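> can't give you the sequence, but here's the structure:
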Ligand code: HEC
Ligand code: HEC
């Protein structure tokens, strides 16, 4: 009796459903939140010439083809990241300037300069010591959180960024392809910055004249460049305790930056407590680290003026004059900042060598350029 009652109910239900106008099986995306399309990321093989160290991998954020591609789209997308839709990461990190901006101090979306100079983004995959001039971001993906919300950079709000990404016509499928997610509400800040970091890690600069002469053996230095390299820049042939530019102590090949923290003598303060931008000191809390900054790479240095964390030197000549002056003798100044005297011929040779570090192919490599 009871069974019979159920059966009648079921038939009634069928009749009701059968009369409805909309089909029961709906379109591909039934509830707005589900994303369809490929969801199995393809591992990305990061190719690095054998004369560079092995790139550091991040088990929390392995590279995939789809993740790198998503990151590239995000990196160049002004409509997502800035409040006025006019700025993206690439506004301050321009490929044609080896991912710097040509300014002493970076100009944010409000048109006001920040405290520091935009950094080049090449060969980040070899830095084990924290990102930014002061190393305060231990992880590359974590670094990308800050420019988005920094008032003096993109000045945006992550909730707003994530809302735009979830509602976007194209990004949800890219996030699914890169991270295998099923619903738009799984698009998070963490996945967004991880995609950006995946793209950034692929930016490798290793095809300068220096590489072709030194590692690939396909070109020769001029006599002047050779003098700059052997007698002035690198330290291998230098007897100890000679006054010598010794740039290679900290800017050593093949990356041309040791990624360690040094006071290279630019700060003219009366004591370590009077340094305004304390750099690494603010990260460690140790007074002895005040005024220390991470040695940046000198690859593509001829393209990335002005120089130093605050863009204080406009030219490489000014940089050499600074190192020649021997700094300001603050107690934590690195012992390799000795001061030295160069003849005009030697100075020109050191400059000529620095120019051999420019990698022209980087500047137009379509893998790092804005998506079509
Ligand atoms: C307004 C200009 C500006 C914008 C926009 C900007 N950056 Fe930067 N970037 C900088 C400056 C300035 C620094 C150095 C910051 C510091 O040391 O305090 C920097 C540093 C970095 C570094 C550290 C590199 C290293 O070697 O440690 C990375 C990575 C980076 N930016 C990525 C990004 C990404 C990704 C975006 C977009 C989400 C972005 N930047 C947007 C100016 C900018
Ligand atoms: C003791 C280590 C050390 C030595 C030796 C050294 N540097 Fe540096 N260099 C640094 C550090 C650290 C910075 C970043 C300082 C800052 O911005 O406050 C830097 C910054 C630079 C910059 C600016 C890079 C940029 O992206 O703005 C240039 C150019 C440079 N050095 C060239 C040289 C040359 C040329 C020599 C040799 C004459 C030399 N350095 C010797 C540690 C060193």
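Arrived safely. No experiment lies behind these values; they were computed from the predicted model shown. Ligands and ions are numbered 1, 2, ... in the order given.

> For stretch 300-317, give the mean pLDDT please.
Averaged across stretch 300-317, pLDDT comes to 98.

> hmm, who's touching that stretch?
Outside stretch 300-317, the residues within contact range by Cβ atoms under 8 Å, 6 or more residues apart in numbering are 97-98, 100, 102-105, 115-117, 120, 122, 133, 205, 208, 266, 277, 279, 293, 318-319, 322, 347, 351, 354-355, 357-359, 362-363. Using the backbone N, CA and C atoms, a C-beta is placed for each residue, glycine as well.

> which residue is nearest the middle of this protein?
In the chain, the C-alpha closest to the average C-alpha coordinate belongs to residue 121, at a distance of 3.8 Å (Cα atoms, centre = their mean).

> Distance-wise, check the residue nearest to that residue when sequence neighbours are not counted relative to ligand 2.
Closest residue in space to residue 121, ignoring its immediate chain neighbours: residue 99 at 3.9 Å, by Cβ to Cβ, 6 or more residues apart in numbering. Distance, residue 99 to ligand 2, by Cβ to the nearest ligand atom, to the nearest Å: 11 Å.

> what does residue 252 give?
In this view, residue 252 and ligand 2 are 10 Å apart by Cβ to the nearest ligand atom.

> Run a quick neighbour tally on that residue.
Close neighbours of residue 252, defined as other Cβ atoms under 10 Å, add up to 16.

> surely it meets residue 258?
Yes: Residue 252 lies in contact with residue 258 (Cβ atoms under 8 Å); the separation is 5.9 Å.

> Enumerate the residues of the stretch 101-250 of the chain near ligand 1.
Counting by Cβ under 6 Å from any ligand atom, the residues of the stretch 101-250 of the chain close to ligand 1 are 106, 108, 114, 116-119, 121, 124, 131-134, 143-144, 147-148, 153-154, 196, 200.

> 8 Å instead, please
Selection of the stretch 101-250 of the chain residues close to ligand 1 by Cβ under 8 Å from any ligand atom yields 101, 105-109, 114-121, 124, 127, 130-137, 140, 143-144, 146-148, 150, 152-154, 193, 196-197, 200.

> What subset of those is buried?
Listed as buried from those are 101, 105-109, 114, 116-121, 124, 127, 130-137, 140, 143-144, 147-148, 152-154, 193, 196-197, 200; burial here means 16 or more other Cβ atoms under 10 Å.

> what sits up against stretch 344-355?
Stretch 344-355 has contacts (Cβ under 8 Å, 6+ apart) with 222, 224-225, 227-229, 231-233, 245, 247, 298, 301-302, 316-317, 320, 342.

> Which PyMOL command selects the buried ones in the residues you listed?
Of the contacts of stretch 344-355, the buried ones go into a single PyMOL selection, burial set by 16+ other Cβ under 10 Å:
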select buried, resi 224+225+227+228+229+231+232+233+245+247+298+301+316+320+342
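
> Out of the contacts of stretch 344-355, which are close to ligand 2?
232-233, 245, 247, 298, 301, 316, 320.

> Contact partners for the closest residue to residue 84 other than its chain neighbours?
The shortest distance from residue 84 to any non-neighbouring residue, by Cβ to Cβ, 6+ apart, is to residue 109 (6.1 Å). Counting by Cβ under 8 Å, 6+ apart, residue 109 touches 82-84, 86-87, 153-156.

> now the helices for the stretch 151-300 of the chain?
Counting by DSSP state H, counting those that start in this stretch, the stretch 151-300 of the chain has helices at residues 158-167, 171-179, 189-201, 209-214, 223-227, 280-284.

> Looking at those, spot the one closest to residue 367.
Among the helices of the stretch 151-300 of the chain, the nearest to residue 367 by Cβ to Cβ is helix 189-201 (9.4 Å).

> So which other helices or strands are in contact with that closest one?
When contacts are defined as 3 or more Cβ pairs under 8 Å, 6 or more residues apart in numbering; DSSP states H and E, helix 189-201 sits against helix 65-75, helix 140-143, helix 158-167, helix 171-179.

> got the angle between it and helix 171-179?
Per axes from the mean of the first three to the mean of the last three Cα atoms, to 10 degrees, the angle that helix 189-201 makes with helix 171-179 is 70 degrees.

> Show residues contacting helix 189-201.
Residues outside helix 189-201 that contact it (Cβ under 8 Å, 6+ apart) are 44, 46, 55, 58, 60-61, 63-64, 67-72, 74-75, 89, 121, 124-125, 139-145, 158, 161-162, 165, 175, 178-179, 181.

> try 7 Å
For helix 189-201, contacts defined as Cβ atoms under 7 Å, 6 or more residues apart in numbering pick out 46, 61, 63, 67-68, 70-72, 74-75, 121, 124-125, 140-142, 144-145, 158, 162, 165, 175, 178-179.

> how far out from the middle of the chain is it?
The chain centroid and the centroid of helix 189-201 are separated by 10 Å, computed with Cα atoms, centre = their mean, to the nearest Å.

> what about that helix, average pLDDT?
Mean pLDDT, helix 189-201: 98.
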